[in-house]
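1. Just a sequence and a predicted model for now, questions to come.
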Amino acid sequence: MASSNTVLMRLVASAYSIAQKAGMIVRRVIAEGDLGIVEKTCATDLQTKADRLAQMSICSSLARKFPKLTIIGEELVVWVDPLDGTKEYTEGLLDNVTVLIGIAYEGKAIAGVINQPYYNYEAGPDAVLGRTIWGV
């Protein structure tokens, strides 16, 4: 059991830093001005360049740090939403944009990390942007 807890805490700690990096990617894409929007299934189901780049970053980072980890597996599952609130992101509603990484074991949620890339964005140009929250 102690070994499982150690692996879980390593995974959560990694997910924390990985979510922060994904949040920076989300901010960079909007700052560059080209969202690279594509419709997935309809005009209200969108995907952006930030979705794609953040997902690639999250998945490759997890795979590098945990080579035996299956991101969608049977017992330990890591759920990734690289840009939750894509439609809001495309509309500039930045309060509603998050990066989500959830961890489940045997079908039960056991941990999660949420990065809010635009937390504190209304505090002015010198404000530190973003925050990451986690729980086990």
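-> Arrived safely, thanks for sending.
2. wait, what's in contact with the residue nearest the centre of the chain?
-> Nearest to the geometric centre of the chain sits Val99, at 2.9 Å (Cα atoms, centre = their mean). By Cβ atoms under 8 Å, 6 or more residues apart in numbering, Val99 lies in contact with 19, 22-23, 26, 54, 58, 81-84, 114-115, 117. Just so you know, the C-beta spots here come from the backbone N, C-alpha and C atoms, and that holds for glycine as well.
3. go with 10 Å
-> By Cβ atoms under 10 Å, 6 or more residues apart in numbering, Val99 lies in contact with 15, 18-26, 50, 54-55, 57-58, 80-85, 113-117, 130, 132.
4. Please list the members of those that lie in strands.
-> Val80, Asp81, Pro82, Leu83, Asp84, Val113, Ile114, Asn115, Gln116, Thr132 (DSSP state E).
5. quick revisit: got a quick PyMOL command for the buried subset of the contacts of Val99?
-> A single PyMOL command selects the buried members of the contacts of Val99 (16 or more other Cβ atoms under 10 Å):
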select buried, resi 15+18+19+20+22+23+24+25+26+50+54+55+57+58+80+81+82+83+84+85+113+114+115+116+117+130+132
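6. follow-up on the earlier one: bridged to the residue nearest to the centre of the chain, which residues?
-> Val99 forms beta bridges with Asn115, as assigned by DSSP bridges.
7. What separation do you get for it and Asn5?
-> Going from Val99 to Asn5 by Cβ to Cβ, to the nearest Å gives 25 Å.
8. Done for today, thanks.
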